[in-house]
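J.: Predicted model, plus sequence, below.
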Amino acid sequence: MATTRANRDLMRAINRSIILSTIKTQGLIARAEVARVTGLSPASVTGITAELIEEGLIYEKASGDSSGGRPPILLAINPLGGYVVGIKLMEDHAIGALTDLSATILQRYQLPLHDRSAEHAIEIMAELVENLLILGAVSRNKLIGVGVGLAGIVDSNEGVLRQSPYFGWRNFAVRDRLQQLVDSPVCVDNDVNTFTLAERWYGTGQGVDNFLTITIGRGVGLGVVTHGQFYRGVHGGAGELGHTVVNPQGPLCDCGKHGCLEAFVSDPALISLAQQSYQAGEISINVQNIEQIVVLADNGSLPAQRIMGNAGAIFGQSIANMINIFNPSRILVSGEGVRNGKWFFNAMHESIRVNTMPSLYADVDIRVEPWGDDVWARGAASLVLRQLFESPVGQENSFG
Ligand SMILES: [Zn+2]
């Protein structure tokens with residue numbers, strides 16, 4: 001009996017998501033049309049849409065069609081029928097965004113992290129949620145859920161951060177811990193996965209079935225979509241492009257190995273190279289951030305240009321490897337590292353061209369897109385929106 005009940009609940013959850021997703025995709029749609037498109041019975045559609053109207057997630061609108069007869073009542077998603085908070089944990093602060101059901105950011109907020117403990121991070125995330133609800137004047141019962149994007153290896157099914165190279169955490173049950181504090185469903189995933197999900201639904205990846213997102217900045221990340229399916233690997237660890245070894249004799253990486261891609265092209269790697277160059281008397285200032293290196297390069301410093309150019313070439317070589325493996329039709333390069341500038345990105349493009357098989361190179365459209373930190377937070381929010389709009393079956397890997 002319990003199984004039958006569970007099956008019935010699952011069927012209802014699936015039908016609910018299918019109906020919501022249909023209304024979201026179609027814009028304005030009549031109930032009869034929902035039944036036709038989804039293949040569900042008119043009775044099921046009537047029952048479930050009544051429930052969705054009751055919850056405020058959809059609303060009825062008269063069609064205004066005056067061509068005789070009674071104008072059909074149309075259904076539409078109510079973007080303000082529910083709210084989502086997306087959170088991205090950075091190294092020294094946490095960024096949060098409050099969005100509506102169409103992933104539009106309504107409020108932003110951030111808080112510093114005073115230490116690197118998991119306990120503190122959870123408290124800060126809960127505080128972000130509280131503050132965003134207050135800023136947006138949103139009552140708690142309108143909060144559908146909280147999405148969290150984390151760097152590192154994340155088991156999204158279990159809501160567990162399995163390994164974080166930056167924080168040194170292992171097997172940290174982020175979802176369960178945060179859920180206790182915020183009293184709302186929490187979804188957790190790798191930050192590059194959340195970014196890829198948002199791009200697939202709302203950005204550059206719309207309608208593109210084979211594409212890669214590659215992020216650069218504090219680290220390097222990869223999101224893979226093939227045939228419209230997201231590739232995660234056995235426990236969600238796929239896409240650790242930053243920790244593929246470029247040269248085992250290279251610099252020490254955060255992960256403990258030598259010569260990973262990140263140890264050559266991440267922000268700390270570039271800053272460290274520029275500081276060595278300063279100590280060797282080659283450049284004039286002891287730089288503390290990427291912007292200073294970019295200014296030096298733009299002002300004609302050959303060593304600064306060389307640091308950026310070499311790193312861009314190594315990065316491009318790794319991207320060429322990905323193109324040769326996946327044959328994507330589009331690659332989106334983004335992340336904080338888009339500020340690395342022309343010396344880096346010109347070298348990257350040239351290296352991709354030289355190192356990719358020509359016919360595969362011809363297939364791919366490479367885009368470098370500007371970046372804002374709230375892109376991460378919006379990606380995290382879309383984790384929750386996906387739960388709402390996509391049926392429980394197929395959420396495992398697909399984007400719907
Ligand atoms: Zn590494």
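T.: In hand now; what should we look at? Numbers count the residues shown, from 1 in each chain.
J.: For the chain, what lies in contact range of the ion?
T.: His243, Cys253, Cys255, Lys257, Cys260 (Cβ under 5 Å from the ion). Where C-beta positions appear, they are placed from N, C-alpha and C, glycine not excepted.
J.: Could you report the distance from Ile26 to Ala35?
T.: No, residue 26 isn't Ile; it's Gln. 13 Å (Cβ to Cβ, to the nearest Å).
J.: Pick out whichever of these two has more residues nearby.
T.: Taking neighbours as other Cβ atoms under 10 Å, Gln26 and Ala35 compare with Ala35 leading, 19 against 16.
J.: per-domain residue ranges of the chain.
T.: 2-77, 82-198+375-389, 205-368 (automatic domain parsing).
J.: ok, which stretches of the stretch 101-250 of the chain are strands?
T.: 105-112, 143-150, 153-155, 160-163, 170-172, 186-190, 211-216, 220-226, 229-230 (DSSP state E, counting those that start in this stretch).
J.: re earlier: so for the residues of the chain next to the ion, which is the shakiest by pLDDT?
T.: Across the set of these, Cys255 stands lowest in pLDDT, at 87.
J.: Doesn't that residue belong to a helix?
T.: No. In this structure, Cys255 is coil, not part of a helix, as judged by DSSP: H, G, I helix; E, B strand; the rest coil.
J.: Let me see the backbone angles for it.
T.: phi -80, psi -10 (degrees, to the nearest 10).
J.: what kind of secondary structure is Leu98 in?
T.: strand.
J.: still on that earlier bit, hey, which of the domains of the chain is tucked in deepest?
T.: Comparing those by mean neighbour count (mean count of other Cβ atoms under 10 Å), domain 82-198+375-389 comes out on top with a mean of 21.
J.: can you tell me how far the spatially most central residue of the chain sits from Cys187?
T.: Against the mean C-alpha coordinate of the chain, by Cα atoms, centre = their mean, the closest residue is Phe195 at 1.7 Å. Remark: distance between Phe195 and Cys187 (Cβ to Cβ) = 14 Å.
J.: can you check Gly312 too?
T.: 35 Å.
J.: do Gln292 as well
T.: 38 Å.
J.: Arg306 now?
T.: 43 Å.
J.: Tell me, what's the model's pLDDT at Ile18?
T.: Value for Ile18, per-residue pLDDT: 88.
J.: Touching, it and Val37? I think so.
T.: No. At 9.2 Å, Ile18 does not count as touching Val37 under the criterion of Cβ atoms under 8 Å.
J.: mind checking how far Val148 is from Asn193?
T.: 12 Å.
J.: same question, Thr215
T.: Counting by Cβ to Cβ - Thr215 and Asn193 are separated by 11 Å.
J.: hang on, Arg36 in a helix?
T.: Yes. Secondary structure of Arg36 (three-state DSSP): part of a helix.
J.: how much space is there between it and Ala30?
T.: Distance from Arg36 to Ala30, by Cβ to Cβ: 9 Å.
J.: got it, and Cys187?
T.: In terms of Cβ to Cβ, Cys187 sits 32 Å off from Ala30.
J.: Helices of the stretch 1-150 of the chain, residue ranges please.
T.: 2-26, 31-38, 42-54, 118-135 (DSSP state H, counting those that start in this stretch).
J.: on contacts alone, who are the packing partners of the first one?
T.: The helices and strands touching helix 2-26, judged by 3 or more Cβ pairs under 8 Å, 6 or more residues apart in numbering; DSSP states H and E, are helix 31-38, helix 42-54, strand 73-77, helix 374-389.
J.: closest one to Leu332 among the ones you listed?
T.: helix 374-389 (11.0 Å; Cβ to Cβ).
J.: Let's see that closest one as PDB, backbone CA atoms only.
T.: What follows is helix 374-389 as a C-alpha-only set of coordinates in PDB (Å, rounded to 0.1, in the frame of the first residue of the first chain):
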ATOM      1  CA  ASP A 374      25.700  37.800  -8.900                       C
ATOM      2  CA  VAL A 375      25.900  35.400 -11.900                       C
ATOM      3  CA  TRP A 376      27.000  32.800  -9.400                       C
ATOM      4  CA  ALA A 377      24.100  33.600  -7.100                       C
ATOM      5  CA  ARG A 378      21.600  33.500  -9.900                       C
ATOM      6  CA  GLY A 379      22.900  30.100 -11.000                       C
ATOM      7  CA  ALA A 380      22.400  28.900  -7.400                       C
ATOM      8  CA  ALA A 381      18.800  30.100  -7.400                       C
ATOM      9  CA  SER A 382      18.100  28.300 -10.700                       C
ATOM     10  CA  LEU A 383      18.900  25.000  -8.900                       C
ATOM     11  CA  VAL A 384      15.700  25.500  -6.900                       C
ATOM     12  CA  LEU A 385      13.700  26.700  -9.900                       C
ATOM     13  CA  ARG A 386      14.700  23.600 -11.700                       C
ATOM     14  CA  GLN A 387      13.200  21.500  -8.900                       C
ATOM     15  CA  LEU A 388      10.000  23.500  -9.400                       C
ATOM     16  CA  PHE A 389       9.700  23.300 -13.200                       C
END
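J.: Find the nearest non-adjacent residue to the residue of the stretch 1-150 of the chain found nearest the ion, please.
T.: The nearest approach of the stretch 1-150 of the chain to the ion comes at Glu91, 15.8 Å away (Cβ to the ion). Nearest residue to Glu91, sequence neighbours excluded (Cβ to Cβ, 6 or more residues apart in numbering): Tyr166, at 5.6 Å.
J.: you'd agree the one you found is up against Asp254?
T.: Yes. Look at Tyr166 against Asp254 with Cβ under 8 Å: they come within range, at 6.6 Å.
J.: Now for those two: what residues contact both?
T.: Gly219 (Cβ atoms under 8 Å, 6 or more residues apart in numbering).
J.: ok, now how distant is Leu261 from Asp254?
T.: From Leu261 to Asp254 the distance is 12 Å (Cβ to Cβ).
J.: my bad, Arg218
T.: For Arg218 relative to Asp254 (Cβ to Cβ), the value is 9 Å.
J.: contacting residues for the residue lying closest to Gly82 once chain neighbours are set aside?
T.: Nearest-residue entry for Gly82: Ile144, 4.3 Å, with adjacent residues in sequence omitted and distances by Cβ to Cβ, 6+ apart. Under the criterion of Cβ under 8 Å, 6+ apart, the contact list for Ile144 reads Gly82, Tyr83, Val84, Leu101, Ser184, Pro185, Val384, Leu388.
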